[in-house]
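Visitor: Got a predicted structure plus its sequence, pasted below:
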Amino acid sequence: MSTAKQQAPLVSVGDVSKHFGEGSTRVDALREVSLEVYPGEVVALLGPSGSGKTTLLNVIGCITEPSSGRVSLDTELVYDGRWLRDDLRKLRLEKIGFIFQFHNLLPFLNSKDNVAVVLSLAEFDADAASRRAVELLDYLEVGHRKDAMPAKLSGGEAQRVAIARALANKPRIILADEPTAALDSQRAGIVMDLLRKVAEEQQAAVLAVTHDEKIFNRFDHIFHLRDGRLEAGHG
Amino acid sequence: MNLAYRDIRHNLGRFLLTCFGLSLLLGVVLSMIGIYRGLVEDALTLVRTPGVDVWVVESGTRGPFAESSRIPGDTREAIARLHGVSAAGSITYQSIETRHEGVKLRLYVVGYEPGRPGGPDRIIAGRALGRSHYEMLADRRTGLKPGDRVTLGRDTFTVVGLTDGQVSSGGDPVIYLTLKDSQQLQFELAPPAARREMARGAGPGTTDTVNAIVARVRPNASADTVVETVQRWKHLAAMTQAGQEIILTRSVVERARKQIGLFTAILLVVSAVIIALILYTMTMDKIREIATLKLIGAPDRTIIGLILQQALAMGVIGFGFGALLIITIKDYFPRRVVLQPEDGLALAAAVIVVCVISSGLGVRLALKVDPATALGG
Ligand SMILES: Nc1ncnc2c1ncn2[C@@H]1O[C@H](COP(=O)(O)OP(=O)(O)O)[C@@H](O)[C@H]1O
Ligand SMILES: [Mg+2]
């Protein structure tokens, strides 16, 4: 992906540390982590349980403020003191799409409305939101399930609806926490293909936490975390 | 897209069941208020029916309802002659028990002089008392009908007409007799010793005693002046209509009023606590969805809106069902239940306020939810 690196990084993390608690209860979840993700890239975050993967994702996702260090998203420096909680929320809505380990669909909305809800939060009018939601579900090949409630969807279908929701507002940054953990290898492959397609077509950066060895070969780069520290990667 | 509505629709059965439970509770609150109002209204019925301005009773008493009062029957003529008085009538009051067609009847007997103040204000069936003996008017609640014959004391009376809503402060339905018949009845039912005294014409009573004299004053005269004049006669006491109503509400129903008032207040507090608990639990059940909504960028007002709208929906539906329920069954209560629109509105307002305040608890919880919890550990 040499062409990608000529552009500015979409995600840039510099010397980020994060600790929880103080004194004897202090936990250093992240220690001076630096990484960059470029448009069109699909990268993985790998590491044993408790190594700080989710914390890093939360820092990048404007959910958890780091104790020190810099985070820029799409060249904008966040957490620099000017950012209020509500600004971070708007940034999440505009720039970031989240995909969860468990799909986290809203149980009281059907597939289409689970996608459309993001658009209505972004102040799309109802018709436009509905149309775009159906388009996205078709794009992810779950258009035929648009009226189904989440409880009636299979694991793979639910995860694809969740991805459609993550993509609804055309985010440039997609953060995924173990997106394929609940899927078999065939479905996991389909999901990874989709993320790849989105990264390329929308020039987005995809950062996925994974344990899933069967999909390691699908990433442009793999970052290894151990005890909150980034190890030299390969990829 | 209204999230509150969609969530309710998704769990409709559970939501409606919750609303139904709440409606029973609010129905009980509403009926307590209605019973309270009914109690006061019942107590005032007998005082208000004659439509008079002045009550004259035995000196040193606050009769004829709060305390017993006996005055000579000829007092009425003296009162009627007072300056400013347009009409006066003698009245007797007593409780009696009898049987009719095998059923025990508790009745409150009012004796009055037809043509003078003291009788019923409205007859809904049959006619007024026509002859001076052995006729009676009965309230609809006695279950009697015109033509029925009822034994009171040694005599049998024929129901000639019906009244509506005439009950004593104890809730017993009222019958009206002529003054002469009721005096005879009082004499017959008095203890034997007192009866002998009365028959001899000795002691405080002769058979011609009444319990109160009621009087109307002319439009240009003052009831207070009439009361002052009567007060100067040492064997009589007097009060205005307003004074009599105050005695009734202050003394006769005061305890029952306080009892029911306190109970209603406790019920309101219980309802508030239950509403708060329900709303808190409803929020607790949605923590994960709320975290997800926050994570995907929903503003606080979306989340507050979700909780508040559901709280209000629950309050409005619960109150609506409850009110409907009580309106439907209120006539089956043994005593009068008076539902006043302003009481309903006040309770509705209280429920709304409680819902808003209680949802504050849920909102606080929801706003504290860390969006990171949606991602899991
Ligand atoms: N909110 C928190 N409060 C205290 N400690 C936390 C919190 N979040 C994470 N940690 C700690 O930080 C470390 C890294 O956690 P996490 O980022 O969840 O690891 P991973 O996702 O790699 O399993 C762990 O030791 C965890 O216990
Ligand atoms: Mg994790």
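Guide: Okay, I see it. Numbers count the residues shown, from 1 in each chain, chains lettered A, B, ... in the order given. Ligands and ions are numbered 1, 2, ... in the order given.

Visitor: quick one: the helices in chain A?
Guide: In chain A, the helices defined using DSSP state H lie at A:53-60, A:85-95, A:111-121, A:126-139, A:155-167, A:185-202.

Visitor: and of these, who's closest to chain B?
Guide: helix A:85-95 (2.8 Å; Cβ to the nearest Cβ). Where you see a C-beta, it was placed from the backbone N, CA and C, and this is true even at glycine.

Visitor: Okay, buried residues for the closest one please.
Guide: A:Leu88, A:Arg89, A:Leu91, A:Arg92, A:Leu93, A:Lys95 (16 or more other Cβ atoms under 10 Å in any protein chain shown).

Visitor: A:Pro150 contacts A:Leu106, correct?
Guide: Yes: the criterion here is Cβ atoms under 8 Å, and A:Pro150 meets it with A:Leu106 at 7.4 Å.

Visitor: who touches both of these two?
Guide: Contact criterion Cβ atoms under 8 Å, 6 or more residues apart in numbering or on different chains; residues shared by A:Pro150 and A:Leu106: A:Asn114.

Visitor: For the residue nearest in space to the middle of chain A, give me its contacts.
Guide: Closest residue to the average C-alpha location of chain A: A:Leu175 at 1.0 Å, with Cα atoms, centre = their mean. Shown in contact with A:Leu175 (Cβ under 8 Å, 6+ apart): A:Leu57, A:Ile60, A:Gly61, A:Ile96, A:Gly97, A:Phe98, A:Ile99, A:Leu207, A:Ala208.

Visitor: what's the spacing between the fifth one and B:Val369?
Guide: Noted for A:Gly97: a distance of 20 Å to B:Val369, by Cβ to Cβ, to the nearest Å.

Visitor: Among these two, which residue is more densely surrounded?
Guide: Taking neighbours as other Cβ atoms under 10 Å in any protein chain shown, A:Gly97 and B:Val369 compare with A:Gly97 leading, 27 against 21.

Visitor: in the chain, which ranges drop under the pLDDT threshold?
Guide: No chain specified, so I'll use chain A. A:1-5, A:232-235 (pLDDT under 70).

Visitor: hmm, I had chain B in mind actually
Guide: Looking at chain B by pLDDT under 70, you get B:191-206, B:252, B:375-377.

Visitor: Grab the longest helix from it for me.
Guide: Scanning chain B for the helix with the most residues, using DSSP H, yields helix B:12-48.

Visitor: For chain B, what lies in contact range of chain A?
Guide: B:1, B:3, B:6-7, B:9-11, B:288-289, B:292-300, B:302, B:370-372, B:374-377 (Cβ under 8 Å from any Cβ of the partner chain).

Visitor: Narrow the residues you listed to just the buried residues.
Guide: B:3, B:6-7, B:10, B:288-289, B:292-298, B:302, B:371-372, B:374-375.

Visitor: Tell me which of those residues fall in helices.
Guide: Going by DSSP H, the helices hold B:Leu3, B:Arg6, B:Asp7, B:His10, B:Arg288, B:Glu289, B:Thr292, B:Leu293, B:Lys294, B:Leu295, B:Thr302 from these.

Visitor: Is the nearest residue to the first one once chain neighbours are set aside in a helix, a strand, or coil?
Guide: Nearest in space to B:Leu3, with sequence neighbours left out and distances taken as Cβ to Cβ, 6 or more residues apart in numbering or on different chains, is B:Leu306 at 4.9 Å. Judged by DSSP: H, G, I helix; E, B strand; the rest coil, the three-state class of B:Leu306 is helix.

Visitor: Quick check: the gap between B:Leu306 and chain A.
Guide: Separation of B:Leu306 from chain A (Cβ to the nearest Cβ, to the nearest Å) stands at 10 Å.

Visitor: Could you do B:Ser168 as well?
Guide: Distance of B:Ser168 to chain A, given as Cβ to the nearest Cβ: 57 Å.

Visitor: isn't that residue right next to B:Leu46, touching?
Guide: Yes: with contact defined as Cβ under 8 Å, B:Ser168 reaches B:Leu46; the gap is 6.3 Å.

Visitor: any residues in contact with both of those two?
Guide: Taking Cβ under 8 Å, 6+ apart as the contact rule, B:Ser168 and B:Leu46 both touch B:Tyr108, B:Val174.

Visitor: got the phi/psi numbers for B:Ser222?
Guide: phi -110, psi 130 (degrees, to the nearest 10).

Visitor: so who does it touch?
Guide: Counted by Cβ under 8 Å, 6+ apart, B:Ser222 has contacts B:Gly84.

Visitor: same deal with B:Leu82?
Guide: By Cβ under 8 Å, 6+ apart, the contact set of B:Leu82 is B:Ala215, B:Val226, B:Thr229, B:Val230.

Visitor: likewise B:Val159?
Guide: Applying Cβ under 8 Å, 6+ apart, the residues contacting B:Val159 are B:Gly126, B:Met136, B:Leu137, B:Ala138, B:Leu144, B:Lys145, B:Pro146, B:Gly147, B:Asp148, B:Arg149, B:Val150.

Visitor: Spell out for me the ChimeraX command that would select the buried members of those.
Guide: A single ChimeraX command selects the buried members of the contacts of B:Val159 (16+ other Cβ under 10 Å):
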select /B:126,136,137,138,144,148,150
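
Visitor: Can you give the contact residues for stretch B:265-272?
Guide: B:Leu22, B:Leu25, B:Leu26, B:Val28, B:Val29, B:Met32, B:Ala350, B:Val351, B:Val354, B:Ser358.

Visitor: Tell me which two in those are the farthest apart.
Guide: B:Met32 and B:Ser358 (21.0 Å; Cβ to Cβ).

Visitor: Please say which of those two ends up with more neighbours.
Guide: In this view B:Met32 and B:Ser358 are compared by other Cβ under 10 Å, and B:Ser358 has more residues nearby, 23 against 20.

Visitor: I'd like to know which elements the helix or strand containing the more buried one is packed against.
Guide: Using DSSP states H and E, B:Ser358 maps to helix B:341-368. Secondary structure elements in contact with helix B:341-368, counted by 3 or more Cβ pairs under 8 Å, 6 or more residues apart in numbering or on different chains; DSSP states H and E, are helix B:12-48, helix B:254-284, helix B:287-295, helix B:300-329.

Visitor: before we move on, back to that, could you pull up the contacting residues of the residue nearest to B:Leu3?
Guide: So B:Leu306 contacts B:Leu3, B:Ala4, B:Asp7, B:Lys286, B:Ile290, B:Leu293 (Cβ under 8 Å, 6+ apart).

Visitor: cool, B:Leu105 as well?
Guide: So B:Leu105 contacts B:Glu97, B:Thr98, B:Arg99, B:Thr142, B:Gly143, B:Val150 (Cβ under 8 Å, 6+ apart).

Visitor: Tell me the most packed of those residues, by neighbour count.
Guide: In those, the most neighbours by other Cβ under 10 Å go to B:Thr142, 24 neighbours.
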